[in-house]
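S.K.: Next come a sequence and a model predicted from it.
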Amino acid sequence: MQRKGEKLYKAGDFARIAGISKDTLFFYDRIGLFRPMMRAQNGYRYYSLSQLSLLSTILSLRSMDLPIARILEYISDKDPDSLISLMDLERERIDGMIRELEMIRQSIDTRSALIEEARKEAGKPVSIFPFPACGIVESGEARPDKATVSEDWWALYSSVSSRIRDIGIAGSRIALQDILSGEYMRVMTVFIESNEPVGSEIPQGLYAVKYVKGPYSALDKAYRNLLKEIEAQGYRVVSDAFEEYVIDELATDDEEEYVSRIRIMVERR
């Protein structure tokens, strides 16, 4: 409401006082979100300083990414209860964003630590130790009757990455029967490590773990050596293998610098 004798400002002047662009004022007027105090016969818009409180509220709500439709709904029928309800809804949305960002932060920390470990452990003999469960999101199964070529692998990867907002390590699941028969290059599924609730997990258990440096083609020989090392230590494999591409195209253009981690559950013979 305009107070008696209150000074009116043209749109450009009012926009400068409010710290926004004149185009924003015009846009808000067009959609009915924030009207001028007065419109002259020549079409000029005039605003009063008493409108700054309402505009400040609108800008604050927009800064929280609140949809314009919801702000319009609130502005058209303001009261304390409506504002409390609006804030409750926004709190729920922000809490969800915080949970998502915390999950992404955890993925970043995990990936950084794993890269450091991979650089240190690459080329060393197999290690056998208990592993905690690890969350993953998997693709559907690849064709079981042929080796997986690059195009097939990336199609499977795309089917996973499009479903999540995580940046976890990507990998391939190799079926136990293929490992035992020497079909190391046939992928069962592609997965991305993730804590999102849409996924499954690599179960906890006793795992043989080996870091392999070099291009992906080096994994074929690495599996043969891995199985020999597992047997030499008195164990046998009892699960699918999980290949994780720790240092990959994202980190280097030199395939010789790639490092992959192979994990496979074992038990005493």
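M.R.: Sure, I can see it.
S.K.: Ala113 sits in which helix or strand?
M.R.: Element membership of Ala113, judged by DSSP states H and E, is helix 80-121.
S.K.: what's the burial count for Glu257?
M.R.: Residue crowding around Glu257 was assessed by other C-beta atoms under 10 Å; the count is 15. (Each C-beta comes from the backbone N, C-alpha and C, glycine too.)
S.K.: list the helices and strands the helix holding Ala113 packs on?
M.R.: The criterion is 3 or more C-beta pairs under 8 Å, 6 or more residues apart in numbering; DSSP states H and E, and the helices and strands that helix 80-121 contacts are helix 68-76, strand 205-213, strand 235-247, strand 259-268.
S.K.: Off-centre distance for the last one?
M.R.: Between the centre of strand 259-268 and the centre of its host chain there is 26 Å, according to C-alpha atoms, centre = their mean, to the nearest Å.
S.K.: Quick one: mean pLDDT for that strand?
M.R.: The predicted model assigns strand 259-268 a mean pLDDT of 94.
S.K.: where does Gln2 land on pLDDT?
M.R.: Per the predicted model, pLDDT is 47 at Gln2.
S.K.: what is the orientation angle of the helix or strand containing Leu226 with strand 259-268?
M.R.: With secondary structure defined by DSSP H and E, Leu226 is part of helix 219-232. Taking axes from the mean of the first three to the mean of the last three C-alpha atoms, to 10 degrees, one finds helix 219-232 and strand 259-268 inclined to each other by 30 degrees.
S.K.: Show me which positions of helix 219-232 end up buried.
M.R.: Judged by neighbour count (16 or more other C-beta atoms under 10 Å), helix 219-232 contains these buried residues: 219, 222-223, 226-227, 229-230.
S.K.: got the buried residues for stretch 27-43?
M.R.: For stretch 27-43, the buried set under the neighbour-count rule, 16+ other C-beta under 10 Å, comprises 28-29, 33-34, 36-37.
S.K.: mind listing which of these are in helices?
M.R.: Secondary structure defined by DSSP state H assigns 28-29 of those to helices.
S.K.: what's the most distant pair in the buried residues of stretch 27-43?
M.R.: Within the buried residues of stretch 27-43, Leu33 and Met37 form the most distant pair, 14.7 Å apart (C-beta to C-beta).
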